[in-house]
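Chemist: okay, predicted coordinates and the sequence, questions at the end:
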Amino acid sequence: MIEEAIAICHRWLDKWSDDNYHCPRKGLVSFQCNSILLGALTKELKRLKLLSPPPSVPFTGWSLSKLCSTLWMLRSPVWYEKEECLHATQHGCNFHVTLVPEIDALLTRTKGLALRDFKDCGDAAVEVLSGTAVTELRGTGFPHSFQYLA
């Protein structure tokens, strides 16, 4: 799931770098809209060390919760466009109407893992304390010692 959340960010980088990206607010190809969002997301992902190379398994220092919280808090650009005459209005595109809904959808699809969904494939001892499963692996190297039973 962490890898999927990072992939969502990288897909938005690809979308915004496409010359044919249509601004959802205007319904037209907008050089300004996708350039501003592309630049802002690139800077934010670089600051978080999620750009290049993206983190890989075991995602040291990251949990899905921490990553999603961090992505929700990305600094999103605000800019104004001149409409008719001298009237300027704030452009409505930002990370909260583009990237963040996809992160929310990912979390909605995410189900927790239960120990009962795994089959012991190695030398592992399981102790249940107060309804919480605690696993002690004896040199087998989680997750390789368990097989997920779908």
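Modeler: Nice, thanks for sending it over. Numbers count the residues shown, from 1 in each chain.
Chemist: and residue 51, helix, strand or coil?
Modeler: Put simply, residue 51 is coil when judged by DSSP: H, G, I helix; E, B strand; the rest coil.
Chemist: chain neighbours aside, what residue packs nearest to it?
Modeler: In this structure, residue 51 finds its nearest non-sequential neighbour in residue 45, 4.0 Å apart by Cβ to Cβ, 6 or more residues apart in numbering. For glycine as for every other residue, the C-beta is placed from the backbone atoms N, C-alpha and C.
Chemist: helix or strand: which one has the one you found?
Modeler: helix 31-47 (DSSP states H and E).
Chemist: any chance you could map the strands in this protein?
Modeler: For the chain, the strands defined by DSSP state E occupy 80-82, 88-90, 118-120, 124-129, 132-137, 146-148.
Chemist: what packs against the first one?
Modeler: Packing contacts for strand 80-82, counted by 3 or more Cβ pairs under 8 Å, 6 or more residues apart in numbering; DSSP states H and E, involve strand 88-90.
Chemist: please apply the same query to the second one.
Modeler: Under the contact criterion of 3+ Cβ pairs under 8 Å, 6+ apart, strand 88-90 touches strand 80-82.
Chemist: buried set for stretch 33-48?
Modeler: For stretch 33-48, the buried set under the neighbour-count rule, 16 or more other Cβ atoms under 10 Å, comprises 33, 34, 36, 37, 38, 40, 41, 42, 44, 45, 48.
Chemist: over to stretch 77-89?
Modeler: Those would be residue 77, for stretch 77-89 by 16+ other Cβ under 10 Å.
Chemist: output that stretch as CSV - backbone C-alpha positions only.
Modeler: Extracted C-alpha coordinates of stretch 77-89, given in CSV (Å, rounded to 0.1, in the frame of the first residue of the first chain):
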residue,chain,number,x,y,z
PRO,A,77,0.2,26.2,-4.7
VAL,A,78,-2.3,29.0,-4.8
TRP,A,79,-2.4,31.3,-7.8
TYR,A,80,-4.7,33.8,-9.3
GLU,A,81,-5.8,34.3,-12.8
LYS,A,82,-7.0,37.5,-14.4
GLU,A,83,-10.5,37.2,-15.6
GLU,A,84,-12.4,39.9,-17.4
CYS,A,85,-11.1,43.4,-17.0
LEU,A,86,-8.9,43.7,-13.8
HIS,A,87,-10.8,41.1,-11.8
ALA,A,88,-8.5,38.2,-10.6
THR,A,89,-9.8,34.9,-9.1
